[in-house]
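Student: okay, here's the prediction I keep looking at, along with the sequence it came from:
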Number of protein chains: 4
Amino acid sequence: MSAPMLSRGRRPSTAVGEDDFLKSREIKLSLASNRARLRTRSQSASSNDSSSGASYTGSSSGEEDEINPRDKVQKNSQGSSDFCVRSIEHAAFGRREIEIAEQEMSGLFALRKRAEAEKPLQGAKIIGCTHITAQTAVLIETLVTLGATVRWSACNIYSTQNEVAAALAEIGIPVFAWKGETEDDFWWCIDKCINTEGWQPNMILDDGGDATHLMLKRYPAMFNMVKGIVEESVTGVHRLYQLSKSGKLTVPAMNVNDSVTKTKFDNLYSCRESILDALKRTTDVMFGGKQVLVCGYGEVGKGCCAALKGMGAIIMVTEIDPICALQACMDGFRVVRLEEVVRNVDILITCTGNKNVVTRTHLDRLKNGCIVCNMGHSNTEIDVGSLRTPDLTWEKVRSQVDHIIWPDGKRIVLLAEGRLVNLSCSTVPSLVVSITAGTQALALIELYNAPSGRYKQDVYLLPKKMDEYVAMLHLSTFDAHLTELSDDQAKYLGLSKAGPFKPNVYRY
Amino acid sequence: MSAPMLSRGRRPSTAVGEDDFLKSREIKLSLASNRARLRTRSQSASSNDSSSGASYTGSSSGEEDEINPRDKVQKNSQGSSDFCVRSIEHAAFGRREIEIAEQEMSGLFALRKRAEAEKPLQGAKIIGCTHITAQTAVLIETLVTLGATVRWSACNIYSTQNEVAAALAEIGIPVFAWKGETEDDFWWCIDKCINTEGWQPNMILDDGGDATHLMLKRYPAMFNMVKGIVEESVTGVHRLYQLSKSGKLTVPAMNVNDSVTKTKFDNLYSCRESILDALKRTTDVMFGGKQVLVCGYGEVGKGCCAALKGMGAIIMVTEIDPICALQACMDGFRVVRLEEVVRNVDILITCTGNKNVVTRTHLDRLKNGCIVCNMGHSNTEIDVGSLRTPDLTWEKVRSQVDHIIWPDGKRIVLLAEGRLVNLSCSTVPSLVVSITAGTQALALIELYNAPSGRYKQDVYLLPKKMDEYVAMLHLSTFDAHLTELSDDQAKYLGLSKAGPFKPNVYRY
Amino acid sequence: MSAPMLSRGRRPSTAVGEDDFLKSREIKLSLASNRARLRTRSQSASSNDSSSGASYTGSSSGEEDEINPRDKVQKNSQGSSDFCVRSIEHAAFGRREIEIAEQEMSGLFALRKRAEAEKPLQGAKIIGCTHITAQTAVLIETLVTLGATVRWSACNIYSTQNEVAAALAEIGIPVFAWKGETEDDFWWCIDKCINTEGWQPNMILDDGGDATHLMLKRYPAMFNMVKGIVEESVTGVHRLYQLSKSGKLTVPAMNVNDSVTKTKFDNLYSCRESILDALKRTTDVMFGGKQVLVCGYGEVGKGCCAALKGMGAIIMVTEIDPICALQACMDGFRVVRLEEVVRNVDILITCTGNKNVVTRTHLDRLKNGCIVCNMGHSNTEIDVGSLRTPDLTWEKVRSQVDHIIWPDGKRIVLLAEGRLVNLSCSTVPSLVVSITAGTQALALIELYNAPSGRYKQDVYLLPKKMDEYVAMLHLSTFDAHLTELSDDQAKYLGLSKAGPFKPNVYRY
Amino acid sequence: MSAPMLSRGRRPSTAVGEDDFLKSREIKLSLASNRARLRTRSQSASSNDSSSGASYTGSSSGEEDEINPRDKVQKNSQGSSDFCVRSIEHAAFGRREIEIAEQEMSGLFALRKRAEAEKPLQGAKIIGCTHITAQTAVLIETLVTLGATVRWSACNIYSTQNEVAAALAEIGIPVFAWKGETEDDFWWCIDKCINTEGWQPNMILDDGGDATHLMLKRYPAMFNMVKGIVEESVTGVHRLYQLSKSGKLTVPAMNVNDSVTKTKFDNLYSCRESILDALKRTTDVMFGGKQVLVCGYGEVGKGCCAALKGMGAIIMVTEIDPICALQACMDGFRVVRLEEVVRNVDILITCTGNKNVVTRTHLDRLKNGCIVCNMGHSNTEIDVGSLRTPDLTWEKVRSQVDHIIWPDGKRIVLLAEGRLVNLSCSTVPSLVVSITAGTQALALIELYNAPSGRYKQDVYLLPKKMDEYVAMLHLSTFDAHLTELSDDQAKYLGLSKAGPFKPNVYRY
């Protein structure tokens, strides 16, 4: 079963009522606990090398004073105190992190260079609400370089890199975020970005929809003056479509989550890398000769299968969609039902976007030592709850690794308690982050500069030409040289030499 | 440069005027010379093993009488003479060919079995105009089994398998086609299908648009009573869109050319097989260690690269589209410009859908022994015309293989004179034909049974559900077992348990 | 089950008695019928494109006069008549074939250039007995260029390319061979090479051992004056070891069959290419999604599996040797017993070197349409004899393709009647032939120039340094650039900078 | 450049004098610092998840009392004090580690079950000197189960898992080892194994040769009564061959380092896994599209290339050996010289077994951000010393990761300071350890039970039959089913049905 949407099955429950703000928030918070584990670590992000994974962000928080940053008085070296971070003194360390990240985000850096003179965001007043990491700092500083004024908060209470937030504050960016915010802190920070004297924001860059929804609820007049919203997450996009359907979306919004570059890289290519990494870091399993069952042959499943095939695993696939099933056949994988092979698999990976794909009945029949993990959707795919019965013993053998022990001694190795193993136990390559950041920056530029009337009060996909532009920005990383159409060829094909090169339905 | 359309770049020249019937026909005929080489040979199609390729259909034509079939009087064993074929006596041999083909087209056969009782085409009166081969005979007989009455002609003057046509005529199907028709014969045959006493056809199954256009021109009243047209070819689809744009399409039409199953199989998977086959049969080249340049990383280019990578070739790619270029990088291929590597490549393959991708300037710089061939579009990609200059010597060393010899003795190995090497020098797997036939049959059933109003006077894509159904029909060939959604899961995903499983924009 | 010898299981029957000359010959002739199908076709070898395979050599024989060449009087343009070929008039055509072959055998040509001045075979008088094709002509002329005098006959009664033999005769090489010799002709030709006035040969280049044994039997005194024998075939090597064991080998001999370059290329890499080619040319089968069982995971099986995996087939392996079985696991293939999967496989390939690996019991249980072929050893692996029972119908559907039909209608597709499908239905890449020819030439040079005492009356493997030299000669084909050791590095490793670089036990 | 020996280039310096005991020891100690990082972690070996790598053994050592174990009085629960470990109280924890390891070493466990009744080591008195980990504990307890009496010490001062040593001591095995021994402790422990009242050992299981050499030096009479030595390491084997050459080896010894199973798994398959793991854990680099240069195409290089190719990297290879170079070509990799591509590579991996393959000159020309690491031999391949100049800045960005910064800001990412990255930054799969332990156990059984005269005072390879037996023991892990020869087939092939199945020269 492949994810039914373009976007890796992170489809929110259909129970989310459109204007049920609190409920929606509740769901988002439950997703947040997954998000908190998202790690986009640069090569050298971790200065203290505490571990390969667990937490590099704010790893030093334990040693810091426990005073709530809201209660502290801090000033940056320019004398400004329009920010709220854990500790402004860590700015230098954060700056180094940002510098290293810059090296790895050459695509975004190329955009900065290209647009620096032009200042396409001159006059833009952006409210940002995203994860705050060295990578997003490169995005934020790119927006500023392109002319924007920004105020920034975190979209997640755990994911802020305190040193990076400090570095941003030090150069005068009003940032309100720290690792370990309370729920109350969380909303306070977003509010500080929106509501400050003499500030009428005209753009929102959101990741999950919280800044958007808070402004809509508390400051509707301000909201109506916004020129555009850019949203990156599945959840946020879903909430935008709901607003739009109910007629409450009074502002054009751009869904960058479903752009080609983002989906192909966030799903297919990124998962091809992270499945091996997540399994190795947690279990040290040898892949050669292992029988692996991959549930779902969407982009994520395709990525997992490709990686494992390359390492000599023997792979089978389950699918509900006959087209994806036929693709699996053509790619050399047997298409089976879970019941048929459950007794033989060494590794079981879910990538369906569905729920209860692996049930207790299946788990009861798995063989001793089988590794079970989820690459697909939230924490619903494996019915982990069904394993919390008195007859089974849970033994935590390592962070993110539990042995579930049956009365007869059989052990199942469950990773990340069924949450997303690629986020919990692996890292997201900088290239993927750079591409996402590129689509966000371009979407902001497009919405901000679009002639009146081009975008209505609706949700739009990133124009294909910009999708292609983001790809182009990243080609130099690979020393890849594009061919240009001659005039004659362009005419023959009926294309502009600058693209777009494909119709919207093209499947890549 | 990847093909700019979904369909392997077989994009007709934009010079084709909408109602310029003759000109359009002219172009079609020039394509026909390519088509004539299209061979969908079953394992045992060739009883006489005359050659690896050239023509197994009508291989005995040379020995046959040269009387024009229109001048012959023939009757089948039931006494009917409502047909016109080369020689009704060859029916038994054709029947055997059809029987063998049936074995290989299990998907289509499964459809026949499923719908046999229901007779969803009861009352349908179909005019067919397609290639006439053992495989299409299986399609024709499937339509009859499902309740249709049919009359059939050939869409190409060269491609008819005479024995198969005889076998169809023998069981009472009015078929008008033989290998080696003249232009006049061609139109006469189509006309015989349309215009016969007491016959008002209500469906058209077309491949190239000739039956459609002839009826529209000559029998407009009859045309207006047709319930639907199913068109399979790029050219025919293009002509339908032109009719639609100019308001002359008074009948719903279905474009099966761009269905997912057809495009993925006709392009990616089929080309993955045929590139190796075409190169081996013509040149016996060893792939291991060869430096190959693939121009264009669309579906066709992706298929070529995958196959050659598996055989140990060293592959580089050219692209005009940055997204496809980035995909090539991720798949492990260097993206270069042709000029940069032209002196080093051992094999040069074009798959762009563009024209003059390889020019005389490039050809002058290629190294001795380089093999040059086209997998992309018509015969435009390589500027073969530029090689017909007095300083170069052409030496035909084998069918479909020319050595072009430069004054200094350098030889270039040109395949199929720059025409499509997969059609000229390889075969199309039966599975691919079976899938295409499946989409055609389902499109006929859908249009014929659709409640009034579902389809207007426009061109439609095959509904995704039917696309999925065609895939499903072919899964048993691979002993692939689909998983079914539980009620609970279907509700969670917001899907019907029977599909469709993906939104239309899903990229697979 | 992998082949138990280095050399692809072409292990001669153990029934071959050492001095049972006639019986040995008989066996060799039965192998010859396999050999006759060996085709090493250059890109343009076939001027008339008669067929994909059967025979391009002497394709015109049918049209030629039927006079036995022994009864003809022919002279070349220099007036010599010291040769016997089908027709000296065809020399020009053969010369063109040789010229084309030269282009593809750059490794051998490189050797010629390097040694031309030095003339390392000056004074060598070589009796050659090999297949006579354009490729071997390049070898023969290389030997002459290096200083040798030669006389040549064919090692197979069917495999001579008449035009090539004529071209050799035309430039003054005494060649005695034509396509379609009788048994008597065969021995007459060899005798003509050995026994002519004023000729004391001092080297033998043999392929199968016939020249060696004829000389030993008829001209023992002459035999004892030979400096060395070079033997290329499994059969010939086997006969040499038997001679040696019984003390009758009075001359040093070199076994080039087991050199690294030959075995890796003749088996692993060559079979990786030919399995796809052989299956496609005969059956047009689509590989994607097919369930394939490969019996034997030696070099040949490894090559078959690698190729088919690259094309999306689903592969299982049978093995008798646990080490090879473990390798199959590590490479991602399930190791099964034939009985377990016999009902499910679409393609069954034997590469074991064993006999009766596939029995009638297995064949009875195969599913309808299963393709069965042999890549391993002679024609013993599949018990084809067991299929010749009255209840089964054989239907020849194409050259080298039989349908065996069971009473219930089930069809098995048997290729080449169980003989070697890579030789019968595919071609051997020129590179492989060039490498073999390189080892032969170097072995001749080594034996001819070796100081007295280096080689005793025994059978030797090609020295590793020469094995490496052959590889080196072929690197330029791939534009591959070797790294040279510095003096310091060579000292550190205890190696000479010129090699050999590995101990004899190294496994590559 | 591939490793010149079978064994991954861990070729000791030729400067090692045969009887220069101290010097040899010195070298061994320098190797030991590499060894100390060898981690064969089971899935759950690390109860405290301190980090992905650094040290899981004795992770609690810091918290323990600092009293030297030699000064402690400890008794196990049976009252014995014939052992010396860090802390007998940790036995329970060590037992759990051993139990988990047992699950993963099914091959070794299968041996235990098969031979348990037979007790083939009844009467054997074994001195063991190896790493002491959960995996080796399984080996030790297997030997005891098979009838042996043992005394055990560590071959490395850092690598002992204290808890495991305690668990062994607790069940009565005299073990003398702890993490963090001094040099003096080290020899004291070995001496305690050899020299105790009433104990005449008759077998030695050594890893590095220290037990062997200590006994030979200090207790020559005792040494002469030993029946056999089994040695696993390159260094130890080298020392044995030196002893043999100088006539001092008075006991048969078996070199299990060069058995097929060990070399293929320790090199090819193990490195295929560990290269990805080591690079990901240290740098989080994305592999897709990266240009990688692999120096050396021996077993290790082949493994690295295969893994990286599967992940979409673009790979080039350097080689000194033309045969390995030709293999690289056939496998689809360009063969280049380092100088030619040094400016373009993103990742540079050495696997040559050579020294100074990457020099300062190369490093000066590498591009910014290039990752440099060594998979080959000790720490000699990259001239790391040349980087310790005042103009370059070293910045440790994570454990095992240094940035070397050039004056112009260029950074090179150096892993493990040029030591073996697979040992320093990755783990060795349990399967590999299980195979090695299997060869050790079988070698002990063979030497102990061999009829007098089968083995002389020399160094032997493990008999092929035993090599095959080790492979066979591990097949069930993969649910792999061997095929058995029929009597008839065995006779035809001239093989025993039980093997060995290949001649010694077979290359696999």
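Tutor: Arrived safely, thanks for sending.

Student: up against chain D, what does the stretch 401-508 of chain A have?
Tutor: A:401, A:403, A:411, A:413, A:427, A:429-432, A:477-480 (C-beta under 8 Å from any C-beta of the partner chain). No exception for glycine: its C-beta is placed from N, CA and C like everyone else's.

Student: in helices, which of these fall?
Tutor: A:430-432 (DSSP state H).

Student: out of these, who's the most crowded?
Tutor: Tallying neighbours with other C-beta atoms under 10 Å in any protein chain shown puts residue A:430 at the head of these, with 29 neighbours.

Student: name the nearest residue to that residue, sequence neighbours excluded.
Tutor: residue A:104 (4.0 Å; C-beta to C-beta, 6 or more residues apart in numbering or on different chains).

Student: could you measure from residue A:354 over to residue A:374?
Tutor: 11 Å (C-beta to C-beta, to the nearest Å).

Student: same thing with residue A:229?
Tutor: 31 Å.

Student: and whichever helix or strand residue A:96 is part of, which residues are buried?
Tutor: Using DSSP states H and E, the element containing residue A:96 is helix A:91-104. Across helix A:91-104, burial judged by 16 or more other C-beta atoms under 10 Å in any protein chain shown covers A:91, A:93-98, A:100-104.

Student: return it as CSV; C-alpha atoms alone will do.
Tutor: C-alpha atoms of helix A:91-104 as CSV (Å, rounded to 0.1, in the frame of the first residue of the first chain):
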residue,chain,number,x,y,z
ALA,A,91,25.6,33.3,19.6
ALA,A,92,29.2,32.7,18.4
PHE,A,93,28.8,29.0,18.5
GLY,A,94,25.5,29.2,16.6
ARG,A,95,27.2,31.4,14.0
ARG,A,96,29.8,28.7,13.4
GLU,A,97,27.0,26.1,12.9
ILE,A,98,25.3,28.4,10.4
GLU,A,99,28.5,28.9,8.5
ILE,A,100,29.1,25.2,8.2
ALA,A,101,25.5,24.7,7.1
GLU,A,102,25.9,27.4,4.4
GLN,A,103,28.6,25.3,2.8
GLU,A,104,26.2,22.4,2.4
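
Student: give me the helices and strands touching that helix, please.
Tutor: helix A:134-145, helix A:162-170, helix A:430-449 (3 or more C-beta pairs under 8 Å, 6 or more residues apart in numbering or on different chains; DSSP states H and E).

Student: using a markdown table, lay out the ones you listed together with mean pLDDT.
Tutor: Formatted as a markdown table, these follow (pLDDT from 0 to 100):
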| stretch | mean pLDDT |
| --- | --- |
| helix A:134-145 | 96 |
| helix A:162-170 | 97 |
| helix A:430-449 | 94 |
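
Student: could you name every residue contacting both of residue A:354 and residue A:374?
Tutor: residue A:381 (C-beta atoms under 8 Å, 6 or more residues apart in numbering or on different chains).

Student: out of the buried residues of helix A:91-104, who's nearest chain B?
Tutor: residue A:104 (15.7 Å; C-beta to the nearest C-beta).

Student: what residues does stretch A:401-409 touch?
Tutor: Against stretch A:401-409 from outside (C-beta under 8 Å, 6+ apart): A:282-283, A:363-364, A:368, A:387, A:391-397, A:411-415, A:417, D:43-44.

Student: in that stretch, what's buried?
Tutor: For stretch A:401-409, by 16+ other C-beta under 10 Å, it's A:401-405.

Student: check stretch A:192-206 too.
Tutor: Taking 16+ other C-beta under 10 Å as the criterion, stretch A:192-206 shows A:192-194, A:201-206 as buried.

Student: now those residues as JSON lines including pLDDT, distance to residue C:223 and secondary structure?
Tutor: Below are the buried residues of stretch A:192-206 laid out as JSON lines (pLDDT from 0 to 100; distance: C-beta to C-beta, whole Å; DSSP: H, G, I helix; E, B strand; the rest coil):
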{"residue": "A:192", "pLDDT": "98", "distance to residue C:223": "102", "secondary structure": "helix"}
{"residue": "A:193", "pLDDT": "98", "distance to residue C:223": "99", "secondary structure": "helix"}
{"residue": "A:194", "pLDDT": "97", "distance to residue C:223": "102", "secondary structure": "helix"}
{"residue": "A:201", "pLDDT": "97", "distance to residue C:223": "101", "secondary structure": "coil"}
{"residue": "A:202", "pLDDT": "97", "distance to residue C:223": "100", "secondary structure": "coil"}
{"residue": "A:203", "pLDDT": "98", "distance to residue C:223": "95", "secondary structure": "strand"}
{"residue": "A:204", "pLDDT": "98", "distance to residue C:223": "95", "secondary structure": "strand"}
{"residue": "A:205", "pLDDT": "98", "distance to residue C:223": "90", "secondary structure": "strand"}
{"residue": "A:206", "pLDDT": "97", "distance to residue C:223": "92", "secondary structure": "strand"}
